[in-house]
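Colleague: Following is a predicted model, sequence given first.
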Amino acid sequence: METRQWVAGEVRRHYWQENVNCARTVLAILAELGGVTVHPQVAAAATGLHGAGGFGAQCGLVEGGLMYIGIAGTARGLDDEAIGDLCQEFAAGFTAALGSLICRELRPEGFGPEVPLHACEGRSVDAAMYAVRFMRAKGLVR
């Protein structure tokens, strides 16, 4: 199966069957591809990272990738400075690829009862694909 098709299926599954947010979804996708186990407390820590709980701040799609860099980088023996450098590079590339790191800019429809639950599913697939390409280029996923 092609990677984009698999990622789209995983985004849909995590959103609609698991009912988890964008940060946890990207983190889970990368962990699967990287063969990394995400501790339940780490997954729980990402629970409010969908734009700071819907506030519209930093996007959870980028935060899931940043969390993965910390987890996978540490597992591969990278020090804090190297992990920080990768996070900066990831964030710069994410901004170039998707236009922003800010949830309210990437999801201008916001959050609320009138907005579909997973309104940014298509953007989530694009963001997850950026993360997969970045992590593959850095040797952090297969």
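Modeller: Thanks, I have the structure now.
Colleague: which SS state does Ile69 fall under?
Modeller: Following DSSP: H, G, I helix; E, B strand; the rest coil, we place Ile69 in the helix state.
Colleague: Surely it touches Phe90?
Modeller: Yes. Contact criterion C-beta atoms under 8 Å: Ile69 and Phe90 qualify, at 6.1 Å. C-beta coordinates here come from the backbone N, C-alpha and C atoms, glycine included.
Colleague: Between the two, tell me which one has more neighbours.
Modeller: Comparing Ile69 with Phe90 by neighbour count (other C-beta atoms under 10 Å), the higher total belongs to Ile69, at 25 against 20.
Colleague: so what's that one up against?
Modeller: Applying C-beta atoms under 8 Å, 6 or more residues apart in numbering, we find Ile69 in contact with 83, 86-87, 90, 135, 140.
Colleague: do that again at 10 Å, thanks
Modeller: 30, 78, 82-87, 89-91, 131, 134-135, 138, 140 (C-beta atoms under 10 Å, 6 or more residues apart in numbering).
Colleague: Fine, thanks again, bye for now.
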